[in-house]
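Q: model this:
(one chain, ligands or ions: 2)
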Amino acid sequence: MTQPKVLISDKMDPTAAAIFRDRGIHVDEITGKTPDELKAIIGDYDGLAIRSSTKVTKEILDAAANLKVVGRAGIGVDNVDIPSATARGVVVMNTPFGNSITTAEHAIALMFALARQLPEADASTQAGKWEKNRFMGVEVTGKTLGLIGAGNIGSIVASRALGLRMKVVAYDPFLTPERAIELGIEKVELDELLRRADFITLHTPLTDQTRNILSRENLAKAKPGVRIVNCARGGLIDESALKDGLESGHIGGAALDVFETEPAKDSPLFGTPNFISTPHLGASTNEAQVNVAIQVAEQMSDYLLLGGVTNAINMPSLSAEEAPRLKPYMALAEKLGSLVGQLSHGNIAGLSIETEGAAAELNMKPITGAVLAGFMRVHSDTVNMVNAPFLAKERGLDVREVRHDREGDYHTLLRVTAETKTGPRTVAGTLFGNSAPRLVELFGIKVEADLVGDMLYVVNEDAPGFIGRLGTALGEAGINIGTFHLGRVEAGGEAVLLLSVDEPVNSDVIAKVEALPGVKLVRALKF
Ligand SMILES: NC(=O)c1ccc[n+]([C@@H]2O[C@H](COP(=O)([O-])OP(=O)(O)OC[C@H]3O[C@@H](n4cnc5c(N)ncnc54)[C@H](O)[C@@H]3O)[C@@H](O)[C@H]2O)c1
Ligand SMILES: O=C(O)[C@H](O)COP(=O)(O)O
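A: Residues are numbered from 1 along each chain as shown. Ligands and ions are numbered 1, 2, ... in the order given. Predicted structure coming up:
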């Protein structure tokens, strides 16, 4: 295996680079590049480690010929074009918990800053004004905090706010009543939250549903004097309506850590009364940065070196411990998927993937991903385990997974059945010595073959002399046979031959074999 290369393109705690080096990965730290500069160098790298500054656009991904993984040292992945990454087979992972406490603490800090006008009081005092009567604050004790979004960060904010003796109400369509009880908060609809909350804090991702959630209309519904904190994402609040609300006094204060356009260097909000801002500092503590740096470097190294997948946005998880055990199964799965794909002429409406014996105890998602990758790679070189399930869905392929507790003839078995217009067609394989993939069933006929390199698949009428004629035809074409596998249902019936050959079989040779008496079908295969 060649040494993988990772680029760290945003400012990151040095622990990340140290971990990559310790694990034998070459790492370059090149920050502050323009998109064109990044495009020019990204082709060299297998991994890209980022925070929120680097924009991983389709253009960058298109230039990233070797890229296998993008690791976000943080939570939000809105700076990564996930559909394009998935289409290119690039895993995108984040570190969903490493900076949550720190960000929740920043939200609480901003809430207090608003309640006591700390930035203005500080500026005035340091200007020698001593304006004791100007800065009249509010207590937070007994006030109602409205959380929009009660996920990881929202629930930490809730626990801190409850500790401050606030009442917490939350609007989050995915918050279950049980979880709300567990958190000690009240689940409400957005209108009720707006009506009741003295402070509002936002903790949702930016999606089509959350964009502009605090719109002009919703801000108008808020309780007069409400104070608003946003440490989640710019775009959740209508910034121009917020400015109008602050100027009219309907909104008592607003603290933004995040802006619609970042870096926000000339926001119209600057200078508005009771407005406080920080430059996207939510995750900026030593503790959080060390946490996310360690997590992202370990996760990316696990993927590049062992195939382990943790916290991926576009792929199911596969622990670094499971990965070595699953590796031979994934090789078998890919070969079976490829065999079905090469022999199916694209007429397949669905695939059923079954595991039996030891295989039935394994995490099936990566096995399914590998079957689909093998199946679809026949039509596209860029398919891999990451994008295969998405492409299968896009093509309307019906994929079923079945686990059988029973053990059959083999201690472990993987079976792939293609639903074709003429009925189901099944191939099955096992692992010899728990590591070597072997085909053991081909469309109802028992065979035993290693699917490797160039192969020739022949269906013929079982009759004396056929094998000799086939050998002669291949010999005359200068094709050496490596291995020879034969199977049949009954003597004199239909037989299949699977040959490994030392060089690819071209269409002229295929035509010659097709012309041999008793031959029904010939296909050149490649594994
Ligand atoms: N300022 C910073 O530096 C900083 C740091 C860390 C995270 N963040 C951002 O904070 C946000 C929240 O992070 P998290 O870790 O809590 O995420 P999370 O996924 O754990 O929680 C998000 C919550 O939002 C809820 N939600 C989704 N759609 C909603 C909708 N339409 N209305 C109401 N609620 C909805 C979800 O159900 C979920 O509970 C993310 O956008 C993240 O990028 C910012
Ligand atoms: O989503 C996140 O994790 C935060 O926005 C932090 O972003 P940062 O890593 O650029 O500070």
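Q: which residue is the nearest non-sequential neighbour of residue 258?
A: In this structure, residue 258 finds its nearest non-sequential neighbour in residue 234, 4.5 Å apart by C-beta to C-beta, 6 or more residues apart in numbering. Just so you know, the C-beta spots here come from the backbone N, C-alpha and C atoms, and that holds for glycine as well.
Q: ok, that neighbour - contacts?
A: 206, 256, 258-262, 264 (C-beta atoms under 8 Å, 6 or more residues apart in numbering).
Q: now it, what's its secondary structure?
A: coil (DSSP: H, G, I helix; E, B strand; the rest coil).
Q: next one: phi and psi at it?
A: The phi and psi torsions at residue 234 (degrees, to the nearest 10) take the values phi -60, psi 150.
Q: ok, it to ligand 2 distance?
A: Distance of residue 234 to ligand 2, computed by C-beta to the nearest ligand atom, to the nearest Å: 10 Å.
Q: mind pulling up the pLDDT for that residue?
A: At residue 234, the model reports a pLDDT of 97.
Q: kindly report the same for residue 464.
A: Residue 464 carries a pLDDT value of 87.
Q: how near is it to ligand 2?
A: Separation of residue 464 from ligand 2 (C-beta to the nearest ligand atom): 72 Å.
Q: residues near that residue, how many?
A: Residue 464 is flanked by 7 other residues according to other C-beta atoms under 10 Å.
Q: again with residue 461
A: For residue 461, the neighbour count with other C-beta under 10 Å is 14.
Q: how much space separates the closest residue to it other than its chain neighbours from ligand 2?
A: Leaving aside its chain neighbours, residue 461 sits nearest to residue 518 (4.0 Å; criterion: C-beta to C-beta, 6+ apart). Using C-beta to the nearest ligand atom, residue 518 is found at 66 Å from ligand 2.
Q: verify the stated contact: residue 518 with residue 458.
A: No: distance between residue 518 and residue 458: 9.9 Å, which falls outside the contact criterion (C-beta atoms under 8 Å).
Q: returning to what we had before: just the contacts of residue 234 that are near ligand 1?
A: Checked against ligand 1 using C-beta under 6 Å from any ligand atom, these yield the following neighbours: residue 258.
Q: just the buried ones out of the contacts of residue 234, please.
A: By neighbour count, with 16 or more other C-beta atoms under 10 Å, those hold 206, 256, 258-260, 264 as buried.
Q: narrow these to those in helices?
A: With DSSP state H as the criterion, helices contain none of the buried ones among the contacts of residue 234.
Q: among residue 518 and residue 458, which residue is more densely surrounded?
A: residue 458 (23 against 15).
Q: you'd agree the more buried one is up against residue 521?
A: Yes: the criterion here is C-beta under 8 Å, and residue 458 meets it with residue 521 at 7.1 Å.
Q: next, count neighbours for the closest residue to ligand 1 within the stretch 101-250 of the chain.
A: Closest approach between the stretch 101-250 of the chain and ligand 1, counting by C-beta to the nearest ligand atom: residue 151, at 1.9 Å. Neighbours of residue 151 under the rule other C-beta under 10 Å: 18.
Q: can you list the buried residues in stretch 387-394?
A: Neighbour-count burial for stretch 387-394, counted by 16+ other C-beta under 10 Å, picks out 387-392.
Q: what's in contact with that stretch?
A: Residues outside stretch 387-394 that contact it (C-beta under 8 Å, 6+ apart): 86-89, 314, 351, 368-369, 372-373, 375-376, 380, 383, 399.
Q: burial of the nearest residue in space to residue 452 that is not next to it in sequence, as a residue count?
A: Distance criterion C-beta to C-beta, 6+ apart; nearest residue to residue 452, sequence neighbours excluded, is residue 527 at 5.4 Å. For residue 527, the count of nearby residues is 17 (other C-beta under 10 Å).
Q: same thing with residue 362?
A: Number of residues near residue 362 (other C-beta under 10 Å) recorded here: 18.
Q: quick one: contacts for it?
A: Residue 362 neighbours (C-beta under 8 Å, 6+ apart): 322, 325-326, 329, 355.
Q: got phi/psi on it?
A: According to degrees, to the nearest 10, residue 362 has phi -90, psi 160.
Q: helix/strand/coil for the closest residue to residue 90 other than its chain neighbours?
A: Computed as C-beta to C-beta, 6+ apart, the closest residue to residue 90 that is not its neighbour in sequence is residue 67, at 5.2 Å. Secondary structure, three-state DSSP: residue 67 is coil.
Q: does residue 67 touch residue 48 like I think?
A: Yes: if you go by C-beta under 8 Å, residue 67 and residue 48 touch, sitting 6.3 Å apart.
Q: could you pull out the helices for the stretch 251-400 of the chain?
A: Along the stretch 251-400 of the chain, counting by DSSP state H, counting those that start in this stretch, helices occupy 286-301, 322-344, 364-377, 388-394.
Q: ok so, going back, filter the contacts of residue 362 down to the buried ones, ChimeraX style.
A: In ChimeraX syntax, the buried subset of these is picked out as below (16+ other C-beta under 10 Å):
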select :322,326,329,355
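Q: which ones are touching the residue nearest to residue 90?
A: Neighbouring residues of residue 67 by C-beta under 8 Å, 6+ apart: 42, 45-48, 61, 88, 90.
Q: pLDDT-wise, what's the bottom of the residues you listed?
A: Looking at the contacts of residue 67 by pLDDT, the weakest one is residue 88, with 90.
Q: quick one: it and ligand 2, what's the gap?
A: Residue 88 sits 23 Å away from ligand 2, going by C-beta to the nearest ligand atom.
Q: what sits against that residue?
A: 61-62, 64, 67, 382, 387.
Q: from those residues, which shows the smallest pLDDT?
A: Out of the contacts of residue 88, that is residue 382, at 73.
Q: that residue: neighbour count?
A: Neighbour number of residue 382 under other C-beta under 10 Å is 11.
Q: now residue 143
A: Using other C-beta under 10 Å, residue 143 has 18 other residues around it.
Q: how about it: what's its closest non-neighbour residue?
A: Spatially, and ignoring its direct neighbours in sequence, residue 143 is nearest to residue 198 (4.1 Å; C-beta to C-beta, 6+ apart).
Q: quick one: residues contacting that neighbour.
A: 138, 143-145, 223, 225-227.
Q: can you say which of the residues you listed are buried?
A: Buried by 16+ other C-beta under 10 Å: 138, 143-145, 223, 226-227, out of those.
Q: among the residues you listed, which are in strands?
A: Secondary structure defined by DSSP state E assigns 144-145, 226-227 of these to strands.
Q: pLDDT wise, what is residue 103 at?
A: pLDDT at residue 103 comes out at 98.
Q: ok, it touching residue 151?
A: No: under the criterion of C-beta under 8 Å, residue 103 is not in contact with residue 151, lying 11.3 Å apart.
Q: give me the residue from the stretch 201-350 of the chain nearest ligand 2.
A: For the stretch 201-350 of the chain, C-beta to the nearest ligand atom, closest residue to ligand 2: residue 283, 3.7 Å.
Q: in helices, which of the contacts of residue 67 fall?
A: residue 61.
Q: ok, and the most crowded of the contacts of residue 67?
A: Comparing the contacts of residue 67 by number of neighbours (other C-beta under 10 Å), residue 48 comes first, having 28 neighbours.
Q: now residue 449, nearest residue through space, not along the chain?
A: residue 485 is the one closest to residue 449 (C-beta to C-beta, 6+ apart), at 4.0 Å.
Q: ramachandran angles for that neighbour?
A: Main-chain dihedrals, residue 485, degrees, to the nearest 10: phi -120, psi 130.
Q: tally of neighbours for it?
A: Neighbours of residue 485 under the rule other C-beta under 10 Å: 16.
Q: what does residue 295 give?
A: For residue 295, the number of neighbouring residues by other C-beta under 10 Å comes to 25.
Q: before we move on, what about residue 238?
A: By the criterion of other C-beta under 10 Å, residue 238 has 20 neighbours.
Q: quick one, the one helix or strand residue 430 maps to and helix 322-344 angle?
A: Assigned by DSSP states H and E, residue 430 falls within strand 423-432. Counting by axes from the mean of the first three to the mean of the last three C-alpha atoms, to 10 degrees, strand 423-432 lies at 140 degrees to helix 322-344.
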